[in-house]
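1. Next input, structure requested:
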Amino acid sequence: MTRLLVVCVLVGWGTDSAAQEEPWAAMLRASSPEDTELAERLQGQLSDLPVVLRVSPGPAPSTEAAEQWRTAVALAEQGPFRVVIWFHHEPEAIVVHVAEPATRRLLVRRVQVETHQRKGRSAAAEAAALIVRSALKALAAGSPVGDVVEELPEVPVPALEPSPSPPTPPPAPARAGWGVSVGWQSTLVGDGPLGQHGAQLGMGWEGARLRARVLLLASLPSPLSDEYTRVSLSRHGLGAGVDAAVVSTEHFRLGAGLEVGLAGHLRSTEALAPGVQASAPRLTPSVYGAPTLAARWRAGPVALEANLALDVLTTVPTLGYLQQGTFVVRNSLWRAQPRFGLAILLGAH
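-> Presented below is the predicted three-dimensional model:
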């Protein structure tokens, strides 16, 4: 008989302990990024408690006592949740609220923020999380928390629907249409370290990912002088290209593509020494092809674009002298000529 009684007592004690350890749910109302950070802090501090914390985005209950209690009751009925937690953030304090609607108890604690300290708000957030943990631990142990809220007159409370997740912003509408560009370009042709410089004009059409355009390039003459002659050399071109967006956002676009066209090197010669006969001005045309890379930053209808290309030409002029039937090279231009441009774009181009 004694053994049977001991077994019954042990079974009864184990049943009560298991009931106490059964997890229950608490809601944390997150109305700001600060609340989300507090929820993350709190999640890590509740692993040893039989509490399941649910974070519900949405506005915090009102600061008016009667209204905030009605809201807390309505939020608790959504789960149902045993406890509802929320915070009010002030410039110099964090106000912690822990409500247990079933017992009509509300715990309110104010945590001062040391604004003169560099990590004052972080320390206050940690203290607020510890207050909530202590309150939930006491409730899990069966101890009352906070003060009893007086009975309020029955007022119909509209059912609160769970806050929907924030909608995904729609992608920025693709700009499609015509546009023009004007800017400056520099090409290294092999005539010197500074290369050829001049204006560039463009016009084209741009869609969601593809762009097609025509470019007109015109360089200022650059002098090449020695003791015998002064050569004035300039490079001009007309090309058409297509590129595709590799990266495309509302304000930034990175595109890669190909360009083909016709380039021409225009030169004129002036003799500087007796006995030297200058050749007549001449234009050397050449077909070229080029891989291109363009990076653009847009602000409204105006954009700034930097582009890089490598023009590969079929023909380039070689400058030199004809002495006693032998051609002596003076300058040999490159067949592969790097080109850099910077332009302002208007419209969808």
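2. Would you map out the domains in the chain?
-> Domain assignment for the chain by automatic domain parsing gives 23-148, 177-347.
3. okay if I get those domains as TSV plus mean pLDDT and mean neighbour count?
-> Quick note: C-beta positions are derived from backbone N, CA and C, even for glycine. TSV is the format used below for those (pLDDT from 0 to 100; neighbours: other CB atoms under 10 Å):
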stretch	mean pLDDT	mean neighbour count
domain 23-148	89	17
domain 177-347	89	16
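4. Let me see the ranges of the helices in the stretch 51-200 of the chain.
-> Under the criterion DSSP state H, counting those that start in this stretch, the stretch 51-200 of the chain contains helices at 65-78, 120-140.
5. Which other helices and strands does the shortest one contact?
-> Think helix 65-78. Judged by 3 or more CB pairs under 8 Å, 6 or more residues apart in numbering; DSSP states H and E, helix 65-78 is in contact with strand 24-30, strand 83-90, strand 93-100.
6. Identify the residue spatially nearest to residue 95, adjacent ones excluded.
-> residue 88 (4.2 Å; CB to CB, 6 or more residues apart in numbering).
7. Can you give me every residue that contacts that neighbour?
-> Neighbouring residues of residue 88 by CB atoms under 8 Å, 6 or more residues apart in numbering: 60, 63, 94, 95, 97.
8. Pipe the helices of the stretch 51-200 of the chain into TSV and attach distance to residue 252 per row.
-> Listed next are the helices of the stretch 51-200 of the chain as TSV, based on distance: least, CB to CB, whole Å:
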stretch	distance to residue 252
helix 65-78	42
helix 120-140	34
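9. Which one of those lies nearest to residue 46?
-> helix 120-140 (6.5 Å; CB to CB).
10. ok, back up a step: residue 235 is nearest to which of the helices of the stretch 51-200 of the chain?
-> It's helix 120-140; of the helices of the stretch 51-200 of the chain, that one is closest to residue 235 (CB to CB) at 60.9 Å.
11. And the closest one, how far out from the chain middle?
-> The chain centroid and the centroid of helix 120-140 are separated by 34 Å under CA atoms, centre = their mean, to the nearest Å.
12. And stretch 106-117, by the same measure?
-> That offset, for stretch 106-117, works out to 34 Å (CA atoms, centre = their mean).
13. what does it contact?
-> Contacts of stretch 106-117 (CB under 8 Å, 6+ apart): 69, 72, 90-100, 120-121, 123-124, 127-128, 131, 135, 145-147, 149.
14. try stretch 48-60
-> Here stretch 48-60 has contacts from 20-31, 35-36, 39, 42-43, 46, 75, 78-79, 81, 83, 86-88, 133, 136-137, 140, 160, 162-163, 165-166, using CB under 8 Å, 6+ apart.
15. change it to 7 Å
-> Outside stretch 48-60, the residues within contact range by CB atoms under 7 Å, 6 or more residues apart in numbering are 21-31, 39, 42-43, 46, 79, 86-88, 136-137, 140, 162-163.
16. Between the two ends of that stretch, how far is it?
-> Stretch 48-60 has its terminal residues 27 Å apart, counting by CA to CA, to the nearest Å.
17. which residues touch the spatially closest residue to residue 248 that is not a sequence neighbour?
-> Ranked by CB to CB, 6+ apart and with sequence neighbours excluded, the top spatial neighbour of residue 248 is residue 209, at 6.9 Å. By CB under 7 Å, 6+ apart, the contact list for residue 209 reads 244, 245, 248.
18. quick one on the thing from earlier: how about the contacts of residue 88 in TSV, adding distance to residue 226?
-> Conversion of those to TSV gives the following (distance: CB to CB, whole Å):
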residue	distance to residue 226
60	82
63	86
94	79
95	84
97	88
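19. how about the residues you listed, which pair is most distant?
-> 63 and 94 (13.6 Å).
20. how close does the closest residue to residue 294 other than its chain neighbours get to residue 295?
-> Nearest residue to residue 294 in three dimensions, chain neighbours excluded: residue 307, at 4.1 Å (CB to CB, 6+ apart). Counting by CB to CB, to the nearest Å, the gap from residue 307 to residue 295 is 8 Å.
21. for residue 64, same thing?
-> From residue 64 over to residue 295 (counting by CB to CB), the distance is 54 Å.
22. ok, now residue 260?
-> For residue 260, the distance to residue 295 - CB to CB - is 21 Å.
23. ditto for residue 36
-> Using CB to CB, residue 36 is found at 35 Å from residue 295.
24. So what pairs up with residue 184 in the strands?
-> Beta-bridge partners for residue 184, by DSSP bridges, are residue 199, residue 342.
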